[in-house]
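Participant: My questions concern the predicted model and sequence given below.
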Amino acid sequence: MEFIELTGRTLRKVVQGQQELLKRLDELGVGEDSILRVNRQGDIELRRADRWDVIGGLLGEFETRLRQLTGLEWLRPL
């Protein structure tokens, strides 16, 4: 599966205006320096000390915003 990795700070820019999702990120403890990844289907995963947790998803035209804000392309983990 292909992902784009990003910080919590960047993810907040991607979902700007989506108040419910921003609130959920706060509840889950996603900070500005948290490490996350998003796959092409829009699933958001948060890096924990020992695993990745699926914490939500993006809807709509997120792919263009995500690539523009990060400057990254989809990458398949090793």
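Facilitator: Here it is on my side, so go on.

Participant: Please enumerate the strands of this structure.
Facilitator: Counting by DSSP state E, the chain has strands at residues 3-7, 35-39, 43-47, 52-57.

Participant: Tell me the buried residues in the longest one?
Facilitator: This points to strand 52-57. Buried residues in strand 52-57, counted by 16 or more other Cβ atoms under 10 Å: 55-56. Backbone N, C-alpha and C define where each C-beta goes, glycine included.

Participant: for the first one, same thing?
Facilitator: Taking 16+ other Cβ under 10 Å as the neighbour-count basis, strand 3-7 is seen to contain the buried residues 3-4, 6-7.

Participant: Give me the residues contacting it.
Facilitator: 14, 32-39, 45, 66-67, 69-70, 72-77 (Cβ atoms under 8 Å, 6 or more residues apart in numbering).

Participant: can you pull out the helices in this protein?
Facilitator: Assigned by DSSP state H, the chain shows helices spanning 8-14, 19-27, 62-70.
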